[in-house]
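# show me how the following folds:
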Amino acid sequence: MSFSLLSDREIAALCQGERPMIEPFVPRQEGKPSYGLGSFGYDLRLGRKFLVPLGGVNAVLDPVDFPKTLFREIEAERVFELAPHSQVLAESVEIFHMPEDVMGVCWGKSSYARCGLLVNVTPLEPGWRGRLTIELANLSPLPIRLHVGQGIAQVVFFRGKRPRRTYGEKEAGGIYQDQPGVTLPR
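Next comes the predicted model:
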């Protein structure tokens, strides 16, 4: 069996039943920027919680020994304005339960890309569960208005043979398994 890109029909089938791959699942595209099921992917929505870096003199971000005190959590109702040349961590509305033979890859949406927003999400590995942490970087010299509850990125899904080790079975421990929302490095 080789890798295959999943179509809207295949994605919808994985989102039905007792353990849906995406919750809540929207079976059609809605909103602006759009969210929901597309022809070969799913447009996920921007959640309400953001982790904003505080900065400081001689502050260094180190993924091995992460200084959690250099971030503050903000909850936005409708919009969040991302300052020029800054970055923030955000969360998806959707919770994912990745099947053991499916992997997701995420890209930013074109409307935001045209504003200078860079969206970074690590792959959704087979067997991973949780709410996505999304890194958003404003490459523009102007602020970018982010719309809570609207589309922020698109995930495309690939199916292959079950890997020898799923996310939760990794030697490194799958430290982001079941993350409840926007999460700093552990």
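# so Leu139 touches Ser86, yeah?
No: contact status for Leu139 versus Ser86: not in contact, 9.9 Å apart, counting by CB atoms under 8 Å. All C-beta spots, glycine's among them, are computed from the backbone N, C-alpha and C.
# three-state assignment of Gly55?
coil (DSSP: H, G, I helix; E, B strand; the rest coil).
# which residues sit in contact with it?
Contact analysis of Gly55 by CB atoms under 8 Å, 6 or more residues apart in numbering lists Leu70.
# ok, now how distant is it from Ala153?
Gly55 sits 26 Å away from Ala153, taking CB to CB, to the nearest Å as the criterion.
# over to Asp43?
7 Å.
# which one of the two has more residues nearby?
Between Asp43 and Ala153, Ala153 has the larger neighbour count (other CB atoms under 10 Å), namely 26 against 22.
# is it fair to say that one lies in a helix?
No: under the criterion used here (three-state DSSP), Ala153 is strand, not part of a helix.
# is it correct that it is in contact with Lys109?
Yes: distance between Ala153 and Lys109: 6.1 Å, which falls inside the contact criterion (CB under 8 Å).
# quick check: neighbours shared by these two?
With CB under 8 Å, 6+ apart as the test, Ala153 and Lys109 both reach Asp43, Val119.
# residue boundaries of the strands in this structure?
4-5, 22-23, 36-37, 42-53, 71-75, 79-82, 87-97, 102-108, 117-120, 129-138, 144-147, 151-159 (DSSP state E).
# average pLDDT across the fourth one?
Read it as strand 42-53. Strand 42-53 shows a mean pLDDT of 97.
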